[in-house]
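Visitor: Quick check, what structure comes out for this input:
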Amino acid sequence: ATVERAHSAWGDVDPRTLRAEFALARAERYRDAEAALQRIDRIVPALRAGLPSTARTAIDALEMQSFLRARLNREQDSYVALDEAIALAEQHLGPDHENTIFLLGLRSNTYGRFADRPRQLAAAEVALERARRVFGTQRPHNTLIAVERWYAEALRGAGRPGDAVPILERIAQGGIVLLLA
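Guide: Coordinates of the predicted model:
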């Protein structure tokens, strides 16, 4: 109902309407990945056209587009959407923004989804370096923890599970701190 009202009140390409469409796709993503992807595919061109005012929604939509394409085993299309989301995040949010760093870690996770172990590890190293530089003094920090977990998964995938253990122990220790806080 919100999407219909947004279309009626503001038109098809208004940033508020596009955000409502994105929210509906997010709600649909687990129940019907194909329908959610079709909705995202319809709004991404309007989000690109509305830049820079639609940057946040465009980044979120491209991230979801990548996720849905990966879920539907559309490997190359998933990478294309994620790379565009990262480029927009670096341009509009900045290279050290939390969302940008999270997307860099997500790139590693996506490579891991498709068992591209060398690229998974390389992407995880980039994300980890940036996350530690930006958030290393803020432990426990959710984005830092997520990136460290993806790095540990990349190490395990690269046949280095022993190198992942200290990282996972640090993550677990951070989780305990969060529970006690």
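Visitor: which stretches of the chain form strands?
Guide: For the chain, applying DSSP state E gives no strands.
Visitor: Which residues are in contact with the residue nearest the centre of it?
Guide: Centroid-nearest residue in the chain, with C-alpha atoms, centre = their mean: L103, separated by 4.2 Å. Residues near L103 by C-beta atoms under 8 Å, 6 or more residues apart in numbering: 59, 63, 82, 85-86, 89. Where C-beta positions appear, they are placed from N, C-alpha and C, glycine not excepted.
Visitor: mind running it again at 7 Å?
Guide: 63, 82, 85-86, 89 (C-beta atoms under 7 Å, 6 or more residues apart in numbering).
Visitor: Which member of these is positioned nearest P118?
Guide: L82 (17.3 Å; C-beta to C-beta).
Visitor: what number of residues lie near the closest one?
Guide: Neighbour count of L82, defined by other C-beta atoms under 10 Å: 25.
Visitor: Can you get me a residue count around the residue lying closest to it once chain neighbours are set aside?
Guide: Closest residue in space to L82, ignoring its immediate chain neighbours: S66 at 3.8 Å, by C-beta to C-beta, 6 or more residues apart in numbering. By other C-beta under 10 Å, the residues close to S66 number 26.
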